[in-house]
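*Asks:* coordinates for the following, if possible.
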Amino acid sequence: MSPKNPRHLKRTLSERFWEKVDRSGDCWAWIGHVGSEGYGYFRMPKRPVYAHRMSYELANGAIPDGLVVMHKCDNPRCVRPEHLALGTQSENIRDCFKRGRANRTGQRTPKALKVEAAKMYEPGKTTQPKVAAALGITVRK
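*Replies:* I've put the predicted structure just below:
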């Protein structure tokens with residue numbers, strides 16, 4: 001009788017992560033689970049983690065306490081290490097406003113939503129309703 005998970009079939013954390021990444025574009029798109037806010041999630045044994053944070057840790061090591069991983073490319077699904085940077089939450093919020101991704105209430109602007117939707121939409125791979133659902137918006141008919 002063979003074991004349920006033979007040792008030679010077990011994948012490393014890195015292998016499990018990178019098999020869920022489409023590296024065909026400038027931004028490396030997370031193709032695993034994506035939450036309603038547009039960020040990818042990677043399943044860990046105890047809890048899911050943001051995919052961009054896992055990417056940063058795999059490439060650079062642990063994220064120091066008090067810092068967040070920011071996207072230089074403004075694409076929440078991007079996990080390309082070169083497109084990620086560390087910063088404080090305050091820096092991340094200032095960057096969000098500076099680039100027009102949020103209004104005074106902290107909500108994403110229509111312009112920001114359009115940019116995110118354009119980055120997420122891939123003809124033949126996804127649909128407009130799926131992109132809209134990932135962004136928490138509806139498709140206008």
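
*Asks:* what about residue 10, neighbour count?
*Replies:* 9 (other Cβ atoms under 10 Å). Bear in mind the C-beta positions are built from the backbone N, C-alpha and C, glycine included.

*Asks:* likewise residue 134?
*Replies:* Counted with other Cβ under 10 Å, residue 134 comes out at 21.

*Asks:* ok, it touching residue 34?
*Replies:* Yes: the pair residue 134 / residue 34 is scored as a contact, 5.0 Å apart, by Cβ atoms under 8 Å.

*Asks:* report the separation between residue 94 and residue 127.
*Replies:* Per Cβ to Cβ, to the nearest Å, residue 94 is found 34 Å from residue 127.

*Asks:* after the helix or strand of the chain with the lowest mean pLDDT, which helix or strand is next?
*Replies:* The weakest-scoring helix or strand in the chain, judged by mean pLDDT, DSSP states H and E, is helix 110-120 (a mean of 67). Next helix or strand after helix 110-120 toward the C-terminus (DSSP states H and E): helix 128-135.
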